[in-house]
Structure formats: structure tokens, C-alpha cells
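*Asks:* Task: produce atomic coordinates for the following.
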Amino acid sequence: MAKGRSAKRQRNKVKPRPLSAKLQARYEKRRIAIEAVREGATVESVARMLKVSMRTVFRWLARYRIGGHHALREGGRSGRPRKVDAEVLSWLYQAITKHDPRQYDFPFNLWTLGLVRILLKRKFGIELSKSGVSRLLGHLGLSPQRPIYKSYKQNPKEMKKYLEETFPGLLEQARRMRAALYFVDEAAVRSDAHRGTTWGKIGQTPRVEDSGDRFSLKMISAVSPRGDMKFQCFTGRMNGARFVAFLKKLRADAGRPIIVIADNASFHGSGPVRRYVEESQGQVAVEHLPAYSPHLNPDEQVWNHAKARLGKRFVATKNEFTTALLSIMRSIQRSTELLLSFFQLPDTKYAAHAGY
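*Replies:* Predicted structure coming up:
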């Protein structure tokens with residue numbers, strides 16, 4: 001009997017009415033817009049591509065959030081009242097992509113699910129769970145990202161001068177001298193610099209016990225826009241004499257003049273370095289990046305990549321740590337494709353064609 005009732009309900013179930021060619025085209029346009037935003041395209045670019053207003057795209061997003069693709073059809077929208085309409089979506093999208101949480105009287109500068117949840121409650125009286133906020137942001141084409149931190153001490157004028165005058169001048173000098181161009185950086189890689197993640201109970205941040213028996217390896221590396229990399233370990237503090245020793249080895253390995261670009265650490269411009277550059281009679285030049293601008297140095301990515309890979313390995317002793325790190329560095333050194341990718345980031349692409 002139950003099967004009979006079930007079959008009857010299935011027969012009586014209302015099927016979607018076939019759309020006319022015109023209505024189907026409208027539906028497809030809306031569906032394309034939704035999929036593009038969900039895959040990461042900005043609302044602005046989607047609106048521009050489809051020649052509609054951003055407000056229209058947000059309206060479609062609001063419909064989709066409530067009733068899925070069915071709600072995008074003409075006359076097929078859900079009758080359930082909407083908690084988050086197009087106006088709210090538009091306002092929230094602008095708030096997250098254009099503003100800082102501190103501009104809304106929050107003490108933090110990162111957008112978190114909890115923060116967005118509070119903001120919606122405060123601004124519109126809308127209460128959503130964290131999972132609901134997560135889905136909402138996903139519908140807007142937003143995702144959790146590891147932020148890039150920018151120093152407030154950066155001088156925009158110095159950066160502009162470096163990118164438009166200093167570096168093009170160095171590039172011309174390198175071509176004239178047939179010199180190799182290198183970006184140089186130093187790092188101390190520590191055994192307790194955890195870059196990976198660890199499993200734990202939901203809602204409870206795992207605590208990693210630290211015995212205090214940490215160890216580190218100090219290294220200096222240089223990368224060129226041609227996909228070449230040199231590195232060296234050192235003990236003690238980096239100083240002018242050690243930096244000169246690295247420059248001498250770099251010059252010998254290159255077999256031609258070198259131009260080195262480094263940050264503004266004091267030893268990069270110390271007396272021993274200046275004397276060595278003068279004595280090289282034009283075979284070695286050392287230039288500096290703008291202050292507080294490590295993002296302009298492609299060599300920074302060597303350490304980011306090495307530390308990320310090291311964080312996924314288990315090392316129990318200093319010897320294991322050293323062996324693992326040196327293995328990773330040699331692996332990076334052998335991968336020309338990876339090294340070239342360090343020059344393809346938004347902030348380092350300016351140097352991508354300096355390999356001539």
C-alpha cells in the first residue's frame with residue numbers, strides 16, 4: 001500500500017515546465033554568471049563580461065543561495081523568505097574585498113567567519129551559523145587565503161623609483177657588461193618554524209609542546225632570472241667579510257661580471273663590501289632594494305618554499321634536520337622551472353625578463 005502511495009506521489013510531482021528559447025537563454029546567462037563567480041571570477045569581471053550591472057549579478061547570487069540553479073529559472077524561485085538578499089550580498093562583498101575590518105570598529109585586521117557573522121548581525125540583524133557564512137562567502141567567489149603582510153614603513157616613492165629607474169638601469173648595465181644578475185637573501189631556518197598543519201579536535205587549537213631544544217641552519221642564497229641558484233651555509237652572524245666571501249664564490253661560479261641586488265641589511269653595504277666592489281674594477285656591483293620591501297626579492301621564495309617543504313618532514317635530530325634541509329635546497333637548485341616561477345609572482349614579475 002505504501003509503495004502505491006509513493007508511486008502516486010511520484011506521478012503527481014510537478015516537473016519543471018520546459019522553457020522557451022528566450023527564457024532558456026536567460027537561464028543559461030544566469031547559470032554562467034553563478035559558475036564563474038564560484039570558480040573565482042570577480043563579480044565586477046562577470047558583470048562586465050555579460051554586460052549587466054553588478055547589482056544584477058548579486059541578485060542572481062541571492063536567488064541561487066536560496067534555491068540553487070532552479071531558482072535562476074523564470075517563475076521557478078523559492079517562496080522562502082530570504083535572509084540575505086542582493087543588497088546585503090553587494091554590501092558584504094564590497095566590505096570584504098575593499099575594506100579592512102578595523103574600518104568597522106573591529107580590533108583585528110583579518111576577515112574570519114566569526115567576524116563576518118558578527119558584522120551581519122550588527123549591520124543587518126541577520127543571524128547565520130559559521131557554516132552558513134562559509135557557504136555565503138563561497139557563493140560570492142571568496143575563499144580563505146593566507147594573507148601577504150605589507151610593512152607600513154614602505155616608501156611608495158622609493159619603490160616607484162626602484163621599479164621605474166633603478167632596476168631598468170641595472171638591467172641595461174648588465175646587458176652592456178654581459179653580467180649575470182642575482183637577487184640575494186639570507187635566512188636562518190629553525191627546527192621549530194612549523195609551516196604545516198596538525199590534526200586536533202574541532203574548535204580546539206592544538207598545542208605543540210616545545211622542549212626548547214631547537215636548532216637552526218643559517219644560509220645565504222642567490223637566484224637569477226635565468227633559473228640559476230647558488231646557496232651556502234654559514235655559522236655565526238652574517239657580516240661584511242662573510243658576504244664578501246659569498247660574492248667571490250658567486251663571481252667565480254658565474255665566470256663573468258655579476259650584479260647583485262640585496263636588501264638593506266647593514267653588512268650588505270659595509271666597508272669590506274664597498275672595498276671589494278671597488279677592487280673588482282667593475283666586475284662586481286651591489287645594489288639595494290627599497291627599504292622594507294622583501295616582496296620584491298624573488299630569492300625570498302626560496303626560503304618560503306624550503307620552509308614549507310621542511311614543515312612536512314619529520315626530523316628528530318640536528319643531523320636529520322640538516323640533511324633534510326640540504327636535500328630540499330639541492331632539489332630546488334635542480335628545478336629550473338621552479339626557480340623561474342619565483343619570478344612570475346605579481347611583485348617579482350618585473351624581473352622576469354632580466355635573464356636576456
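*Asks:* So for residue 224, what's the pLDDT?
*Replies:* According to the model's per-residue confidence, residue 224 sits at a pLDDT of 96.
*Asks:* show me what contacts it?
*Replies:* Each residue near residue 224 by CB atoms under 8 Å, 6 or more residues apart in numbering is listed here: 180, 181, 182, 183, 355. The C-beta positions use only the backbone N, C-alpha and C, and glycine is treated the same way.
*Asks:* So what sits opposite the first one in the bridge?
*Replies:* For residue 180, the beta-bridge partners under DSSP bridges are residue 258.
*Asks:* I figured it hits residue 257, correct?
*Replies:* Yes - here residue 180 reaches residue 257: they are 7.3 Å apart, a contact under CB atoms under 8 Å.
*Asks:* So for those two, which sits in the more crowded spot?
*Replies:* Per other CB atoms under 10 Å, whichever of residue 180 and residue 257 has more neighbours is residue 180, with 22 against 18.
*Asks:* Can you give me every residue that contacts the more buried one?
*Replies:* Taking CB under 8 Å, 6+ apart as the criterion, residue 180 is in contact with 174, 224, 226, 228, 254, 256, 257, 258, 259.
*Asks:* ok, the contacts of residue 224 vs residue 241, which is closest?
*Replies:* Proximity to residue 241 was ranked across the contacts of residue 224 by CB to CB; first place goes to residue 182, at 19.2 Å.
*Asks:* Could you pull up phi and psi at the closest one?
*Replies:* Here is the backbone geometry of residue 182 (degrees, to the nearest 10): phi -130, psi 140.
*Asks:* and what of the one 3 residues further on?
*Replies:* Here the main-chain torsion angles of residue 185 (degrees, to the nearest 10) amount to phi -160, psi 150.
*Asks:* quick revisit: for residue 99, state which of the contacts of residue 224 is nearest.
*Replies:* For the contacts of residue 224, the residue nearest residue 99 by CB to CB is residue 183; the value is 33.8 Å.
*Asks:* Low-confidence ranges, this structure, go.
*Replies:* Within the chain, the set of residues satisfying pLDDT under 70 comprises 1-20, 66-67, 70-71, 73-82, 107-109, 145-153, 191-215, 355-356.
*Asks:* can I see the domain layout of it?
*Replies:* 19-139, 156-193+215-351 (automatic domain parsing).
*Asks:* and the helix or strand harbouring residue 232, what does it pack onto?
*Replies:* According to DSSP states H and E, residue 232 maps onto strand 229-234. Of the remaining helices and strands, those touching strand 229-234 by 3 or more CB pairs under 8 Å, 6 or more residues apart in numbering; DSSP states H and E are strand 216-223, helix 240-254, helix 318-334.
*Asks:* In that strand, which residues are buried?
*Replies:* If you call a residue buried by 16 or more other CB atoms under 10 Å, then strand 229-234 has these buried ones: 229, 230, 231, 232, 234.
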